[in-house]
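Student: just to be clear, the model below is a prediction. Sequence and coordinates:
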Amino acid sequence: MQAAFPLVFAALLFCVGVFGVLSRRNAVLVLMSVELMLAAVTINLVTFGLLAADRGDVVLTGQIFALFVLAIGAAEVGVGLAIILLLYRNRATVNIDDADLMKY
Amino acid sequence: MDPDVTAFDWFALAPELTLLATALIVLVVEPFLGPARTKWVNPVAVVGVLATLVWVVLLAVDGTDRSSFGEMFVVDAYALLFKVFFLGTALFVLLLSYRYFQEIRTYQGEYYFLVLSAFLGMLLMPSARDLVMVFIALELVSVPGFVMAGLRKFDLRSNEGAMKFFLIGVLSVAVLLFGLSIVYGYTGTTNLAGIAEGLAGLEDEPLVLASMLFVIVGFGFKISAVPFHFWAPDTYEGSPIPVTAFLSVASKAAGFAGLLQVCFVAFEPLADVWAPVLGVIAVLTMTLGNLTALQQRNIVRLFAFSSVAHAGYMIVPFGLVRPGEADVNSQAFTAVLLYLLAYSVMNIGAFAVVTAVARRHPGRQTSDYAGLGQRSPGLATALTMFLLSLGGVPPLVGLWAKFFVFTAAVNAGTAFTYFLAAAVVVNSVIAMFYYLSIARTMWMDAPAVPDPIRPGLALNFTIAALAVVALAVGIYPEAFAGFADASTLIAAGP
């Protein structure tokens, strides 16, 4: 199997995610960027899982790991949106630079 | 590699199943109790934790090593020691929460459900011998933590603390997972011992080294190591105080348990690469934590930076590890374990006193502690003991914790480890400044208000029990050093 394409794609997707986390100020967009990073992880896992299957691994560890990453990622988004919503209700903004009540 | 994956051992899983059942009962039972009796949710949770503890003790008495789900879930001496430790922490966190959450009138059933879920993740963590399990356990600890940090819904600081904790938490998990996925790609297995076999001989692969860096960064956020610590003070300040105690002790300990398993078992062959990195992180963490703590006027932020510094002491032994040297490694391993146990006793104790004082002084400033020695001599004595113990003064438990880290560093016997040992000593001295300044405020300054603090039965019991433990273990460290036998993970490793 030709593994280079999905792996390079995943690495690029991960970099886009990291860039989004660092540059975006809107909490929802930061959350979306993190989801891009998790998607990159999923692609990696599935690709490596297929490579392992080529070598005769019958357990499909990579694919199962990917399922867990998806499920727990969804749970995280649920909690995260709730927190963002709470912040929005109390402050009428989702800009993370405005959350600066506490500093050194 | 493929033992029967479907076979599982009900007895080995009994503690986790009991705690899960308790969590669900707590969640469901609260609406039926009615508003006047929601305070009974806490005793129900306490009973559940005690029942779980009984199962763990039965497993310890039984003494055989058990495993389930094809070696993914293992019960051995190391796992049992951590389980007892986490359940003890759970009991104290519940006692701390009892009155606090009655008074802020939040949803008690939900809160206790979240606490118990997080502790379920902690019970799974030391038993996990597989990357998938480590990941699930870590998330089961973190995700309830995000919600718990934001429980004071109408407090802007609580919102903000939860927000920062959440964003940093998911970011660190994504980075960690990317590292783990590459490790899986190279070794073709997620079993920790299998990874160690697969990694041997890959020292020169740049991608393997990069993935290890990802994993260390991911765990670095969880244990609030410098430079990944900046969320910790804000989250600790914003959270309800019992939750802060939970985050600074239990959640951090779970991160350390995961890091111990991943570093000492899976990544052991490449220790030459990551040990110096963690050693430098350790020195940075304790120095920056202590220096920033010196300037704090808010007691919770002060303890937050103090807990960052203590994470630094606990990372020191990681810097000593060398591939294949079982003596040095098992001594380092034991030092981390013992430090975690000692740190949790004194830190929960300190937060119990802070919880008690915050009932009367919600501002949580260090100046609120002026004259506490005249107002409530018992509380002030206990807090002084916890502070001195955190600072490492004999004859308290904190001294022995530092002593084990120090001897492990000296015995490892290279220039770098001597440097680490010296850093521990210098930092202990710096830390004494702020610990003693609080003690001075309590005993020397005149009180602003004369009335005594009334912590209530649950808090009084917690504070007294932890103070007795801190003193007793300090005087008889043999009891404490007996836990060294639990470093079986090294022997089980390659």
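Tutor: Everything's here; your move.
Student: now do the helix or strand hosting B:A254: everything it contacts.
Tutor: When elements are assigned from DSSP states H and E, B:A254 belongs to helix B:252-261. Applying Cβ atoms under 8 Å, 6 or more residues apart in numbering or on different chains, the external contacts of helix B:252-261 come out as B:82, B:85-86, B:89, B:121-122, B:125-126, B:128-129, B:134, B:137-138, B:141, B:192, B:219, B:222-224, B:307, B:311, B:314, B:318, B:333, B:336-337, B:340, B:344, B:489. Glycine gets a C-beta too; all of them are placed from N, C-alpha and C.
Student: beyond that helix, next helix or strand please.
Tutor: By DSSP H and E, the next helix or strand past helix B:252-261 is helix B:271-293.
Student: let me see the contact set for B:V300.
Tutor: Applying Cβ under 8 Å, 6+ apart, the residues contacting B:V300 are B:Y236, B:E237, B:I241, B:T244, B:V354, B:R364.
Student: helices of chain A, residue ranges please.
Tutor: Using DSSP state H, the helices of chain A run over A:4-23, A:27-54, A:61-91.
Student: same question, the stretch 301-450 of chain B
Tutor: With DSSP state H, counting those that start in this stretch, the ranges of helices along the stretch 301-450 of chain B come out as B:326-360, B:372-375, B:377-391, B:397-412, B:415-444.
Student: in the stretch 301-450 of chain B, what residue is nearest chain A?
Tutor: B:R301 (8.2 Å; Cβ to the nearest Cβ).
Student: ok, now how distant is that residue from B:V357?
Tutor: Going from B:R301 to B:V357 by Cβ to Cβ, to the nearest Å gives 15 Å.
Student: with B:G398 instead?
Tutor: To B:V357, B:G398 is 21 Å away according to Cβ to Cβ.
Student: these two - which one has more neighbours?
Tutor: Neighbour count, other Cβ atoms under 10 Å in any protein chain shown: between B:G398 and B:V357, B:G398 has more, with 30 against 23.
Student: next up, the contacts around the more buried one.
Tutor: Shown in contact with B:G398 (Cβ under 8 Å, 6+ apart): B:A342, B:Y343, B:M346, B:L388, B:S389, B:L390, B:G391, B:G392, B:A470, B:G474.
Student: not counting sequence-adjacent ones, nearest residue to it?
Tutor: When the adjacent residues along the chain are set aside, B:G398 lies closest to B:S389, with 3.8 Å between them (Cβ to Cβ, 6 or more residues apart in numbering or on different chains).
Student: same thing with B:F419?
Tutor: Excluding the flanking residues, the one nearest B:F419 by Cβ to Cβ, 6+ apart is B:V283, at 7.8 Å.
Student: count of neighbours near that neighbour?
Tutor: 21.
Student: burial count for residue 74?
Tutor: All of this refers to chain A. 11.
Student: let's do chain B instead
Tutor: B:V74, neighbours per other Cβ under 10 Å, totals 22.
Student: model confidence score at the residue nearest the centre of chain B, please.
Tutor: Per Cα atoms, centre = their mean, the C-alpha nearest to the average position across chain B is that of B:A253, at 2.5 Å. We have a pLDDT of 93 for B:A253.
Student: can you check the one 4 residues further on too?
Tutor: Model confidence at B:A257, expressed as pLDDT, equals 92.
Student: B:P206 versus that one, what's the distance?
Tutor: To B:P206, B:A257 is 29 Å away according to Cβ to Cβ.
Student: just B:F85 next, same as before
Tutor: 38 Å.
Student: ok, now B:I475?
Tutor: As judged by Cβ to Cβ, B:I475 and B:P206 stand 52 Å apart.
Student: neighbour count for the two, which is higher?
Tutor: B:I475 (12 against 7).
Student: contacting residues around the more buried one?
Tutor: B:P395.
Student: where does it land on pLDDT?
Tutor: In this model, B:I475 carries a pLDDT of 86.
Student: tell me how many other residues surround residue 81.
Tutor: If you meant another chain, say so; for now it's chain A. For A:L81, the neighbour count with other Cβ under 10 Å is 13.
Student: was after chain B, sorry
Tutor: With other Cβ under 10 Å as criterion, B:L81 counts 20.
Student: wait, it sits on B:L337?
Tutor: Yes - at 7.2 Å, B:L81 counts as touching B:L337 under the criterion of Cβ atoms under 8 Å.
Student: okay, residue 78: pLDDT?
Tutor: Reading this off chain A. 94.
Student: actually it's chain B I care about, not the one you picked
Tutor: Looking at B:Y78, its pLDDT reads 87.
Student: swap in B:G279?
Tutor: 94.
Student: ok, B:G363 next?
Tutor: Taking B:G363 on its own, its pLDDT is 83.
Student: what of A:M1?
Tutor: Value listed for A:M1 in the pLDDT field: 61.
Student: what's around B:E478, how many residues?
Tutor: 8.
Student: can you give me the distance of it to B:W400?
Tutor: Taking Cβ to Cβ, one finds B:E478 at 10 Å from B:W400.
Student: show me the common contact partners of these two, please.
Tutor: Common neighbours of B:E478 and B:W400 (Cβ under 8 Å, 6+ apart) do not exist.
Student: shaky segments in chain A?
Tutor: A:1, A:103-104 (pLDDT under 70).
Student: check which helix or strand covers B:L50.
Tutor: helix B:41-62.
Student: immediately after that helix, which helix or strand?
Tutor: Proceeding N to C from helix B:41-62, the next assigned helix or strand is strand B:66-68, under DSSP H and E.
Student: follow-up on the earlier one: what's near enough to touch the residue nearest to B:F419?
Tutor: Contacts of B:V283 (Cβ under 8 Å, 6+ apart): B:G312, B:F419, B:L420, B:A423.
Student: report the two of those residues separated the most.
Tutor: Within the contacts of B:V283, B:G312 and B:F419 form the most distant pair, 13.8 Å apart (Cβ to Cβ).
Student: if you count surrounding residues, which of the two has more?
Tutor: Neighbour comparison, B:G312 and B:F419: the larger count goes to B:G312, with 27 against 13 (by other Cβ under 10 Å).
Student: looks like that one contacts B:L278 (just checking).
Tutor: No - in this structure B:G312 lies outside contact range of B:L278 using Cβ under 8 Å: 10.5 Å.
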